[in-house]
Structure formats: structure tokens, C-alpha cells
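>>> Would you be able to build a 3D model of this:
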Amino acid sequence: MAINYNSKLLDTINKVREGKDQSFTIGYNVSNSFFDSKSGIVNPNLSAENIREEAVKSIQVWANTFSAMYASNKKVKASLSFKIVNTVDNKNDLNIQFTTSSSSESLNVSNNIVKISNKDVWRSSDKIIGKNIFNYFTHAVGRLLGLDATKTSKSVMNLFSIRSLDVPNLITNTKVINNIKIKYGTLRYSYPIVFGCTDPKSNNYNPKATRSDKSCVYKN
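You can find the predicted model right below:
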């Protein structure tokens with residue numbers, strides 16, 4: 001199974017390693033399906049403004065984390081910054097659509113679309129009753145940034161325990177940070193990370209690859 005990562009984000013971080021300040025823009029849109037009287041979420045206390053605030057907060061958590069990890073240091077003088085805009089278009093580096101579904105699964109993430117079930121009762125961070133929509137959004141954005149969901153650790157990427165998590169604190173979870181380092185490296189070195197097949201004996205050997213993405217193919 002090939003390693004999952006966001007290629008645009010990796011390219012941006014590689015340019016930072018070259019000594020060039022970079023900005024990564026995430027555009028988002030909250031679908032009208034959230035507010036539909038028939039198919040929307042089942043919680044009259046969660047307003048349109050609440051949902052948009054939770055979506056932005058969930059993106060900001062990751063933006064803060066990546067910006068801190070890829071800030072300038074003695075080795076690399078450039079840095080990475082994030083911009084969040086309420087516009088989905090091809091000018092953005094990543095576009096995220098937040099919407100609802102009628103699925104029995106609380107959360108579904110695919111093709112830059114974050115779907116939460118309208119069968120669940122959702123709440124904003126400052127409410128008590130319902131599932132914390134911010135935690136689920138944060139988990140989803142992490143996956144869209146190429147991080148691995150896990151069932152074994154109590155971290156923001158563990159969907160099975162995310163209901164009760166304090167996400168802003170757990171974003172510094174060691175396993176999450178290590179996962180970022182595996183995918184995108186650190187700024188302790190200046191050479192670019194290029195994922196690909198690193199085995200010269202394979203059919204799809206990539207001589208430019210610096211890290212294996214487990215994609216090697218071999219003839220019988």
C-alpha cells in the first residue's frame with residue numbers, strides 16, 4: 001500500500017527547504033445541506049455561524065501545527081505559512097467542502113469532501129449535548145493533509161476516541177507529529193523529499209526518489 005501524503009503540501013515544504021518563504025492556501029466551503037430543513041443536522045442549537053466557525057478552527061489547528069514545525073531555523077532560513085479563505089477555486093492549494101450525508105457513518109472523507117451524517121446530533125465546542133463537530137472536522141482535515149488515521153492511539157487521528165478528545169492539546173501528540181515528519185520531513189536538512197520506488201531492480205524505479213512510497217512493481 002503506497003504512502004499517503006498531500007503532494008502539493010510536500011512540494012511547498014520542499015521549496016521552503018530551498019530557502020524560499022512559502023504560503024499554503026486552504027479554501028473551504030460549508031454546504032447549504034447543513035441548513036436544509038429536511039436533510040440538515042439534527043440540532044437547532046448549532047447555527048450556520050457555529051458550523052463555519054468550527055470548520056475554520058479545525059483548519060487553523062493544522063495550519064498552526066505545520067507553521068510551527070516548518071518555521072525558519074539555523075539550517076533553513078525560510079518558513080511556511082498558511083492562509084485560510086472562504087472561497088473554493090483553483091487558485092488554492094487545497095479546497096475542502098464541508099457537507100452532510102444520510103449515511104449511518106458519522107464521518108466520511110474522500111476527494112477533499114468532508115461529510116458528516118445528518119442522523120447524528122452535532123454540537124459546537126461550547127455546547128454539552130451531541131458529538132463535537134470540531135473534533136471530527138479536525139480529524140478530517142488531518143486526513144486531507146495526508147496524515148494516517150489510526151485505531152490504536154489516543155490522538156486526533158483516532159476516530160474511535162475522538163468524541164472525548166481535547167483536540168487543541170492533542171495536536172502535539174507525539175504520534176501525530178512523528179507522522180508529519182515521516183510524510184514531510186523536518187527542516188533539519190535542505191534536500192527535497194521525493195516519494196517513489198527506490199529499488200533499482202523494480203519496473204518503476206525512480207532514481208530521483210529519496211524515500212520509498214511502497215509503490216515498487218516487479219515482474220514475475
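>>> tell me the mean pLDDT for stretch 189-203?
If you average the pLDDT over stretch 189-203, you get 91.
>>> Assign Val16 to helix, strand or coil.
helix (DSSP: H, G, I helix; E, B strand; the rest coil).
>>> Which pLDDT does the model give it?
Looking at Val16, its pLDDT stands at 95.
>>> residues touching it, list them.
Each residue near Val16 by C-beta atoms under 8 Å, 6 or more residues apart in numbering is listed here: Gln22, Tyr70, Val76, Ala78, Ser79, Leu80, Leu187. The C-beta positions use only the backbone N, C-alpha and C, and glycine is treated the same way.
>>> what's the answer for Pro192, then?
Pro192 neighbours (C-beta under 8 Å, 6+ apart): Asn14, Arg17, Glu18, Thr210.
>>> Grab the nearest non-local neighbour of Asn86.
Leaving aside its sequence neighbours, Asn86 sits nearest to Tyr28 (C-beta to C-beta, 6 or more residues apart in numbering; 6.3 Å).
>>> and that neighbour, that's in a helix?
No. Per three-state DSSP, Tyr28 lies outside any helix segment and is strand.
>>> Can you name the residues bridging to it?
Bridge pairing for Tyr28 (DSSP bridges) gives the partners Ile96.
>>> Report how many residues lie close to it.
Counted by other C-beta atoms under 10 Å, the residues lying close to Tyr28 total 24.
>>> do Leu147 as well
24.
>>> helix or strand for the closest residue to it other than its chain neighbours, which one?
For Leu147, ignoring the flanking residues on the chain, the nearest one in space by C-beta to C-beta, 6+ apart is Asn179 at 5.2 Å. Using DSSP states H and E, Asn179 sits in helix 174-184.
>>> Show me the two of the contacts of Pro192 that sit farthest apart.
With C-beta to C-beta as the measure, no two of the contacts of Pro192 lie farther apart than Glu18 and Thr210, at 14.2 Å.
>>> Tell me if Asn108 really is in a strand.
Yes. Counting by three-state DSSP, Asn108 falls inside a strand.
>>> give the contact list for it.
By C-beta under 8 Å, 6+ apart, the contact set of Asn108 is Ser101, Val114, Lys115, Ile116.
>>> ditto for Asn179
Leu147, Asp148, Met157.
>>> Using a markdown table, please lay out the residues you listed together with distance to Glu54.
A markdown table is the format used below for the contacts of Asn179 (distance: C-beta to C-beta, whole Å):
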| residue | distance to Glu54 |
| --- | --- |
| Leu147 | 19 |
| Asp148 | 23 |
| Met157 | 18 |
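>>> which ones among those are found in helices?
Among those, no residue falls in helices (DSSP state H).
>>> closest to Lys131 among the contacts of Asn108?
Closest to Lys131, out of all of the contacts of Asn108 and judged by C-beta to C-beta, is Ile116, at 8.5 Å.
>>> ok, now how distant is the closest one from Pro207?
Here the criterion is C-beta to C-beta, to the nearest Å. By it, Ile116 lies 44 Å from Pro207.
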